[in-house]
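Visitor: turn this into a model:
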Amino acid sequence: MRNRWTLIGALLALVACQGVHAQDSTFGHVTRGPGWVYTRLGNQTDVRTKTTFGVLFEGGGTDVNAAYRWMCGHANGGDFLVIRATGTADYNPYILRLCPGINSVSTLKIDRRLGVRQPFVQRTILNAEALFIAGGDQADYVRFYQHSPVSLAIDALARRGVPVGGTSAGNAILAQFAFSALSNRTITSSEALNNPFDFRLTLDRDFLFLSPLLADTITDDHFVTRDRMGRLVTFLGRIAHDRFGRRPFGIALDENTAFLMEANGKGTVVGSSTVYFLSTPGRPEICKPQTPLTFSNVAVYRIAKGGAFDIDAWAGTGGTAYSLSAVDGKLTSTQPGGGIY
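Guide: Numbering: from 1, shown residues only. Below is the predicted model:
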């Protein structure tokens, strides 16, 4: 009798490990498996539609409704997938309410490295017509997803013409370079400017390859709200100094704001605040450990809602151009009044 119950228990455990329909929640139908939880709202059967590629960069804070409608339009009535490492599936009803013509909205939480190797996870990502990476901690994304079937599947979606986006931590990993926060601590602008080799300044590269237009580029978010201009200038200085990029560029978004980039690099700004596009002149004059940064003539283009920017040409319309210089760890600006934002 004991052996029989042992066998039954083992079989039940095996079924659980392979994922079972566990419950229905207010966010949709829930399925669980090793290292993942999948919650689907809307049609439970996938469709395949003709999609249009683009990249949604969002700066965190309150989500911008127009940005998600833009992604849904590019998904053309297909299946919208949100991936995350922590949190709930609360995006499901929000996006479905904004986009009633979408077939489904699902959230796939992958919270362990074990999850990225599961066939269900890979298949679910590859079946999406829009993919969005939620906020959280980008260190989780780097630890769990980098150089894995998950990152490869996201790249495959981009090549297939599927729109991809992210907010906050999800935005931080959309370009070739990223602040990975692997020290488990963030870094402030003053800390970065005063020591470009601070142990908290952890830069990573090649997490995703969504478009050649995002090569040699790093993104940032919560930008004005958390005063991150100094650290972005330092990130660019480090990338240029380390020769990882030929001439690095930055795309930085404040909260409640998004940049909607089409496949050709042209995009518009939506939301209530501003987006900043930074380009560098070359390597910094002084970039070494325990020494404040000196990095002159970093070009900035600031755009608010309604403005446009062309990533390929690196030129914008409807915005303001100025330049910044870090001198002995202090930022100066060519704007009237010396404002850095």
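
Visitor: from here on, just use CA atoms for contacts and neighbour counts.
Guide: Noted.

Visitor: in the stretch 101-250 of the chain, what residue spans correspond to strands?
Guide: 104-110, 130-133, 164-167, 177-179, 203-205, 217-220, 249-253 (DSSP state E, counting those that start in this stretch).

Visitor: quick one, which of those strands gets closest to residue 139.
Guide: Judged by Cα to Cα, the one of the strands of the stretch 101-250 of the chain that comes nearest to residue 139 is strand 177-179, at 8.8 Å.

Visitor: which parts of the chain are helices?
Guide: For the chain, helices defined by DSSP state H occupy the ranges 2-18, 65-75, 91-98, 113-116, 119-126, 138-145, 149-160, 189-194, 229-241.

Visitor: can you count the residues close to residue 312?
Guide: Residue 312 has 12 neighbouring residues, counting by other Cα atoms under 10 Å.

Visitor: circling back to that earlier point, format the strands of the stretch 101-250 of the chain as a markdown table; extra columns: mean pLDDT, mean neighbour count and distance to residue 82.
Guide: Below are the strands of the stretch 101-250 of the chain laid out as a markdown table (pLDDT from 0 to 100; neighbours: other Cα atoms under 10 Å; distance: least, Cα to Cα, whole Å):
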| stretch | mean pLDDT | mean neighbour count | distance to residue 82 |
| --- | --- | --- | --- |
| strand 104-110 | 98 | 27 | 5 |
| strand 130-133 | 98 | 28 | 5 |
| strand 164-167 | 98 | 26 | 9 |
| strand 177-179 | 96 | 26 | 20 |
| strand 203-205 | 95 | 18 | 22 |
| strand 217-220 | 98 | 27 | 20 |
| strand 249-253 | 98 | 27 | 20 |
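
Visitor: can you put those in JSON lines and add distance to residue 305?
Guide: Converted to JSON lines, the strands of the stretch 101-250 of the chain look like this (distance: least, Cα to Cα, whole Å):
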{"stretch": "strand 104-110", "distance to residue 305": "27"}
{"stretch": "strand 130-133", "distance to residue 305": "22"}
{"stretch": "strand 164-167", "distance to residue 305": "17"}
{"stretch": "strand 177-179", "distance to residue 305": "25"}
{"stretch": "strand 203-205", "distance to residue 305": "30"}
{"stretch": "strand 217-220", "distance to residue 305": "18"}
{"stretch": "strand 249-253", "distance to residue 305": "12"}
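
Visitor: nearest to residue 302, of those strands?
Guide: Among the strands of the stretch 101-250 of the chain, strand 249-253 sits nearest to residue 302 (Cα to Cα), with 9.6 Å.

Visitor: one step back: looking at the strands of the stretch 101-250 of the chain, which is nearest to residue 30?
Guide: Of the strands of the stretch 101-250 of the chain, nearest to residue 30 by Cα to Cα is strand 104-110, at 9.5 Å.

Visitor: and that closest one with helix 138-145, angle?
Guide: For strand 104-110 against helix 138-145, the angle by axes from the mean of the first three to the mean of the last three Cα atoms, to 10 degrees is 90 degrees.

Visitor: out of the strands of the stretch 101-250 of the chain, nearest to residue 142?
Guide: The closest of the strands of the stretch 101-250 of the chain to residue 142 is strand 203-205. By Cα to Cα, the value is 8.5 Å.

Visitor: so what's the closest residue to residue 310 other than its chain neighbours scoring on pLDDT?
Guide: Residue nearest to residue 310 in three dimensions, not counting chain neighbours: residue 266, with 4.2 Å by Cα to Cα, 6 or more residues apart in numbering. You'll see residue 266 listed with a pLDDT of 98.

Visitor: which ones are touching residue 266?
Guide: Applying Cα atoms under 8 Å, 6 or more residues apart in numbering to residue 266 gives the contacts 308, 309, 310, 311, 312.

Visitor: now residue 282
Guide: 240, 247 are the contacts of residue 282 under Cα under 8 Å, 6+ apart.

Visitor: any idea which helix or strand in this protein has the lowest mean pLDDT?
Guide: Least confident helix or strand, the chain: helix 2-18 with a mean of 37, by mean pLDDT, DSSP states H and E.

Visitor: so can I have a markdown table of the helices of the chain showing distance to residue 204 and mean neighbour count?
Guide: Converted to a markdown table, the helices of the chain look like this (distance: least, Cα to Cα, whole Å; neighbours: other Cα atoms under 10 Å):
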| stretch | distance to residue 204 | mean neighbour count |
| --- | --- | --- |
| helix 2-18 | 33 | 11 |
| helix 65-75 | 27 | 21 |
| helix 91-98 | 28 | 18 |
| helix 113-116 | 18 | 18 |
| helix 119-126 | 23 | 18 |
| helix 138-145 | 9 | 21 |
| helix 149-160 | 14 | 19 |
| helix 189-194 | 16 | 22 |
| helix 229-241 | 10 | 25 |
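
Visitor: tabulate those in TSV, adding columns for distance to residue 105.
Guide: Formatted as TSV, those follow (distance: least, Cα to Cα, whole Å):
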stretch	distance to residue 105
helix 2-18	22
helix 65-75	10
helix 91-98	5
helix 113-116	20
helix 119-126	12
helix 138-145	21
helix 149-160	17
helix 189-194	37
helix 229-241	34
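
Visitor: which of these has the lowest mean pLDDT?
Guide: Minimum mean pLDDT among the helices of the chain: helix 2-18, a mean of 37.

Visitor: tell me, how many residues neighbour residue 183?
Guide: Residue 183, neighbours per other Cα under 10 Å, totals 12.
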